[in-house]
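Trainee: Predicted model and sequence follow; I will ask about them next.
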Amino acid sequence: MSNVFVSIIIVTTGRKDYLEPCLESLKAQVNTTQEVNIIYTLPENISYCEALNRGIAKSKADYILCLNDDVRLDKNFINEALVGFSINENIGMVSGKILRRDGVTIDSTGLFLMPWRTVKERGYNTLDKGQYQKEEYVFGVNGAVAFYRRKMLEDIKVGSEYFDNDFRFFYEDLDISWRAQRHGWKAYYMPKAVAYHVRGGTARKQKGLYKKRAFRYLINDDLQSDLIKNRYLAMIKNESLLGFILHIPFILFYDIAFYVSLLFYKPRLFKNIFLNMRYFKSAFRKRKICSQ
């Protein structure tokens, strides 16, 4: 699938040490025709989801690659990833092998939905020893390097929103992957499509980079509140009744442990959690629209 026209959406705060290497890696791509839309979240202070929606609305290609600015791509990334879309017309998302900047630590080889309804980044924080070299179906794709088929995005959007603006930051990749699965779309993993990501570079301060638990490390209260809220929004919008019944013991166990922990290290967030419940009504409304 060489020379396929691809739209690339880069969301950035304008940090040159991230954005410039990202753009250089795009220029180095082999046999691709690209349209690059750079969406700045500052000075307007728009959310990550809103920035992506603006970029996608401006784009023209049948394949859309959404990138964080703290990502660099191997020169063959786009060509290798595009092969995944040709395997089956129902493949609407493709994930490559996402490594850390050290080139040996895995950041993600695809998203998977956990029983307690959080997201698992397969291979996260382990050394790449070739254990994920098999092309295969996965549940979804990591939002830092997310390749989508436009037809899928148009099929699952709600109003003008491809990504749910209520999510702002975090779990937006789980929501769109889960929503796509409910509409019959699939995600596929292509190990030869390699990218390099600074984990936490977009949302955290320098001291918090690569820390295992983003919730606890140097993101502000608003972002932490989004992280909590969006897990519930994803469940409200996408979980089936049977799925909820089967998984409620895991969900309750997770929630009890989490909120007990929260009492000790960030009790002030309970106010934000309560206020964010106003988003639940919107999530139920969007679920109804998606089910029609």
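Mentor: Happy to help now that I have it.
Trainee: Now do the longest helix belonging to the chain: everything it contacts.
Mentor: What stands out as the longest helix in the chain, according to DSSP state H, is helix 241-265. Residues outside helix 241-265 that contact it (C-beta atoms under 8 Å, 6 or more residues apart in numbering): 114-118, 216, 235, 239, 269-270. No exception for glycine: its C-beta is placed from N, CA and C like everyone else's.
Trainee: Of those residues, which pair is most distant in space?
Mentor: 216 and 239 (26.2 Å; C-beta to C-beta).
Trainee: Who has more neighbours out of the two?
Mentor: residue 239 (20 against 13; other C-beta atoms under 10 Å).
Trainee: domains for the chain, by residue range?
Mentor: According to automatic domain parsing, the chain comprises the domains 5-197, 215-291.
Trainee: any idea which of the contacts of helix 241-265 is least confident?
Mentor: Lowest pLDDT within these is found at residue 216 (53).
Trainee: Can you show me the helices along the stretch 1-150 of the chain?
Mentor: Along the stretch 1-150 of the chain, counting by DSSP state H, counting those that start in this stretch, helices occupy 16-27, 48-58, 77-87, 150-156.
Trainee: With mean neighbour count added, can I get those helices in CSV?
Mentor: Shown next, in CSV, are those (neighbours: other C-beta atoms under 10 Å):
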stretch, mean neighbour count
helix 16-27, 15
helix 48-58, 20
helix 77-87, 21
helix 150-156, 17
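Trainee: sorry, back to before: off-centre distance for the longest helix of the chain?
Mentor: 22 Å (C-alpha atoms, centre = their mean, to the nearest Å).
Trainee: Tell me the one among the contacts of helix 241-265 nearest to residue 102.
Mentor: residue 216 (22.6 Å).
Trainee: Where does pLDDT dip in the stretch 1-150 of the chain?
Mentor: The model of the stretch 1-150 of the chain has pLDDT under 70 over residues 1-3.
Trainee: Can you show me the strands along it?
Mentor: 5-12, 33-40, 63-68, 71-73, 91-100, 106-108, 111-113, 119-121, 136-138, 145-149 (DSSP state E, counting those that start in this stretch).
Trainee: how about those strands in CSV, adding distance to residue 179 and mean neighbour count?
Mentor: Listed next are the strands of the stretch 1-150 of the chain as CSV, based on distance: least, C-beta to C-beta, whole Å; neighbours: other C-beta atoms under 10 Å:
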stretch, distance to residue 179, mean neighbour count
strand 5-12, 18, 22
strand 33-40, 22, 16
strand 63-68, 15, 25
strand 71-73, 23, 24
strand 91-100, 10, 24
strand 106-108, 19, 25
strand 111-113, 12, 19
strand 119-121, 14, 18
strand 136-138, 16, 15
strand 145-149, 12, 25
